[in-house]
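Chemist: Let me see the structure of the following:
(2 chains)
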Amino acid sequence: AQSVTQLGSHVSVSEGALVLLRCNYSSSVPPYLFWYVQYPNQGLQLLLKYTSAATLVKGINGFEAEFKKSETSFHLTKPSAHMSDAAEYFCAVSAAGNKLTFGGGTRVLVKP
Amino acid sequence: GAVVSQHPSWVICKSGTSVKIECRSLDFQATTMFWYRQFPKQSLMLMATSNEGSKATYEQGVEKDKFLINHASLTLSTLTVTSAHPEDSSFYICSARAQQGGGELFFGEGSRLTVL
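Modeler: Next up is the predicted model:
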């Protein structure tokens, strides 16, 4: 069984500030972990993924995430928020690339 | 990157009618496609997994007679919402797994269904 918990359904950051979105997972097998972004009325776009290679994963748009097995976490960060980062972000887990289980999502609001 | 296209993007229908949503992988062959449902301000809930040429596998609680899934080719899967009711109104998203290239998942743009 697998599950994902995203801490905080809403995050508000100032433009230029650090973005930190928290994700903790549970998986009975070594997980594949993903972060997706969703803009209103659109599908999901992959930001980055962890598939058992380097624990620090760099993605698109300046985002990165670190896999910490001891903490069962895969938090997403971006050093400096842009207005265009305002969106919904989903963390997801899959076992060996099978079906994805999504977290509840975190909506990011960027203040000017 | 690979493209997955859904059609229609928006559909409004009367209660009791059936609606078909298409999911196409435009530049790759997809052995497996997934259908998700997303309620407003909520996460994606997996409805079913479809493999080309075989019956779809539905998640617990999803009515297979209500949500008919067909995966007739390696580039097309369809979801038909039969006898739609207002509670079926939702955002439906498909994703497709590439046959090659590590099996990465690509998502469609979503289809918003409103049942009056």
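Chemist: and the residue most central in space within chain A, how far is that from residue A:6?
Modeler: In chain A, the residue lying closest to the centroid (C-alpha atoms, centre = their mean) is residue A:35, at 3.5 Å. Using C-beta to C-beta, to the nearest Å, residue A:35 is found at 10 Å from residue A:6. (Glycine included, C-beta is placed from N, CA and C.)
Chemist: Mind listing the shared neighbours of these two?
Modeler: Jointly contacting residue A:35 and residue A:6 under the rule C-beta atoms under 8 Å, 6 or more residues apart in numbering or on different chains are A:21, A:23, A:89, A:90, A:91.
Chemist: Among these, find me the one that's closest to chain B.
Modeler: Nearest to chain B among the shared contacts of residue A:35 and residue A:6, counting by C-beta to the nearest C-beta, is residue A:90 at 6.4 Å.
Chemist: Confirm that closest one sits in a helix?
Modeler: No - with DSSP: H, G, I helix; E, B strand; the rest coil as the criterion, residue A:90 is located in strand rather than a helix.
Chemist: So what's the residue count around it?
Modeler: Using other C-beta atoms under 10 Å in any protein chain shown, the number of residues around residue A:90 comes to 25.
Chemist: Next up, the contacts around residue 83.
Modeler: With no chain named, the answer covers chain A. A:15, A:110, A:112.
Chemist: I was after chain B.
Modeler: Neighbours of residue B:83 in contact, by C-beta under 8 Å, 6+ apart: B:16, B:17, B:18, B:66.
Chemist: Check residue A:64 too.
Modeler: Residue A:64 neighbours (C-beta under 8 Å, 6+ apart): A:48, A:56, A:57, A:58, A:76, A:77, A:78.
Chemist: just to revisit the earlier point, from the shared contacts of residue A:35 and residue A:6, pick the one nearest residue B:70.
Modeler: Nearest to residue B:70 among those: residue A:90, at 27.1 Å, using C-beta to C-beta.
Chemist: Show me what the closest one bridges to in the sheet.
Modeler: Taking DSSP bridges as the rule, residue A:90 bridges to residue A:36.
Chemist: so where is chain A shaky, pLDDT-wise?
Modeler: Along chain A, the model assigns pLDDT under 70 to residues A:96-97.
Chemist: how about the residues of it near chain B?
Modeler: Applying C-beta under 8 Å from any C-beta of the partner chain, we find that chain A lies next to chain B at A:36, A:41-46, A:90, A:97, A:99-105, A:107.
Chemist: Report the buried members of those residues.
Modeler: Buried residues within the residues of chain A next to chain B, counting neighbours by 16 or more other C-beta atoms under 10 Å in any protein chain shown: A:36, A:42-46, A:90, A:99-103, A:105.
Chemist: where's the residue nearest to residue A:16 when sequence neighbours are not counted relative to chain B, distance?
Modeler: Closest residue to residue A:16 apart from its sequence neighbours, by C-beta to C-beta, 6 or more residues apart in numbering or on different chains: residue A:80 at 5.2 Å. Distance from residue A:80 to chain B, counting by C-beta to the nearest C-beta, to the nearest Å: 25 Å.
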